[in-house]
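Chemist: Provide a 3D model corresponding to the input given below.
(one chain, ligands or ions: 1)
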Amino acid sequence: MNIALLGYGKMGKEVERVALSRGHNVVLIIDTDGDWYEKRSQLSNLKIDVAIDFSTPKSAVRNISKCFELNLPVVVGTTGWLDELEYIKQTCIDGDHGLFYSSNFSLGVNLFFELNRILAKLMKAHTEYVPQIEEIHHTQKLDSPSGTAISLANDLVRNLNNKVAWVNQEDAKFDEIPIVSKRIDDVTGIHSITYTSSDDVIEIKHSAFSRTGFALGAVLAAEFIKGKVGIFGMKDMLGV
Ligand SMILES: NC(=O)c1ccc[n+]([C@@H]2O[C@H](COP(=O)([O-])OP(=O)(O)OC[C@H]3O[C@@H](n4cnc5c(N)ncnc54)[C@H](O)[C@@H]3O)[C@@H](O)[C@H]2O)c1
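Modeler: Model prediction:
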């Protein structure tokens, strides 16, 4: 498969390593605002099958739109642009394009998402336990809270009767889920959910050891979406 990498930072480089190890070619790298323009003459000759975007919250929407324009299925791992997700989904449907988005591509985190939903259903009847999400990432992360923490929080809002929204601070109203974000050097990604009562605490936690799990999930998503149109996520690929 011929892959275009949109974003060649920490994740882009790891995706390249995993893609090459699975026998794919990386035929185009876009890593700045100007690259689409500077590399425009090469685009028609490259026979790109899929693009994979791990860029920045500011550039993701423009990159996705460019892929739609070129009729390229696109896998998006960039977070921090959710305000425009509905617009992008509609554009994808209207134009018969292919989009695979996940706030987290690791198998472990997607199993953790399921565990979070199951635990929330169990805790629904036990309102004496107060839920809280904590996420810790490296200091270069641009968005806060993490896309993964937002996905976890949205699942809590859907599954706990007495919660209607999340806030990105510890101090929350009784019907809000607090998400506490911490930035510490070299932490790949830690997410935990706690339910605290006056007597005890229940905690579930996921810690990523490296970026390889995210990169592998993104390359598998690229293999999955090749030649397809529509909107896809990890549930479609993994069934979890
Ligand atoms: N979904 C997931 O599983 C997952 C996992 C890890 C990280 N992420 C997200 O992926 C994104 C990238 O993370 P990272 O750690 O690689 O960041 P990074 O800062 O290391 O890399 C971002 C790269 O984007 C490039 N860039 C800037 N403008 C661009 C443009 N217009 N087009 C293309 N590239 C451009 C930068 O030059 C940089 O190399 C972040 O939003 C992060 O939160 C998602």
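
Chemist: Please count neighbours and contacts with C-alpha atoms only from this point.
Modeler: OK.

Chemist: contacting residues for the residue most central in space within the chain?
Modeler: The centre of the chain sits closest to residue 103, judged by Cα atoms, centre = their mean, with a distance of 1.5 Å. Residue 103 makes contacts with 77, 78, 79, 147, 148, 151, as judged by Cα atoms under 8 Å, 6 or more residues apart in numbering.

Chemist: Can you tell me the SS state at it?
Modeler: Classification of residue 103 using DSSP: H, G, I helix; E, B strand; the rest coil returns coil.

Chemist: pLDDT value on it, please?
Modeler: Model confidence at residue 103, given as pLDDT, is 87.

Chemist: helix or strand for the residue lying farthest from the centre of the chain, which one?
Modeler: Ranking residues of the chain by C-alpha distance from their mean position (Cα atoms, centre = their mean) puts residue 199 at the top, at 35.0 Å. Per DSSP states H and E, residue 199 falls between elements, in no helix or strand.

Chemist: show me what contacts it?
Modeler: Taking Cα under 8 Å, 6+ apart as the definition of contact, residue 199 has no neighbours.

Chemist: Quick check, pLDDT for it.
Modeler: Listed pLDDT for residue 199 reads 98.

Chemist: what's the spacing between it and the ligand?
Modeler: Using Cα to the nearest ligand atom, to the nearest Å, one obtains 35 Å as the distance from residue 199 to the ligand.

Chemist: Is residue 208 in contact with residue 186, as I believe?
Modeler: No - look at residue 208 against residue 186 with Cα atoms under 8 Å: they stay out of range, at 11.4 Å.

Chemist: ok, these two, which is more surrounded?
Modeler: Per other Cα atoms under 10 Å, whichever of residue 208 and residue 186 has more neighbours is residue 208, with 16 against 11.

Chemist: Would you quantify the distance from that one to residue 55?
Modeler: According to Cα to Cα, to the nearest Å, residue 208 and residue 55 sit 20 Å apart.

Chemist: With residue 110 instead?
Modeler: From residue 110 over to residue 55 the distance is 21 Å, taken as Cα to Cα.

Chemist: The two - which one has more neighbours?
Modeler: Neighbour count, other Cα under 10 Å: between residue 110 and residue 55, residue 55 has more, with 25 against 20.

Chemist: Dihedrals phi and psi, the more buried one?
Modeler: When read as degrees, to the nearest 10, the backbone of residue 55 gives phi -110, psi -120.

Chemist: Give me the neighbour count for the spatially closest residue to it that is not a sequence neighbour.
Modeler: Excluding the flanking residues, the one nearest residue 55 by Cα to Cα, 6 or more residues apart in numbering is residue 7, at 4.1 Å. Counted by other Cα under 10 Å, the residues lying close to residue 7 total 22.

Chemist: got a list of what residue 7 touches?
Modeler: Counting by Cα under 8 Å, 6+ apart, residue 7 makes contact with 29, 30, 31, 32, 53, 54, 55, 56.

Chemist: Please name the bridge partners of the residue nearest to the second one when sequence neighbours are not counted.
Modeler: Once its chain neighbours are removed from consideration, residue 30 has its nearest residue in residue 6; the separation is 4.8 Å (Cα to Cα, 6+ apart). Following DSSP bridges, residue 6 is listed with bridge partners residue 30, residue 53.
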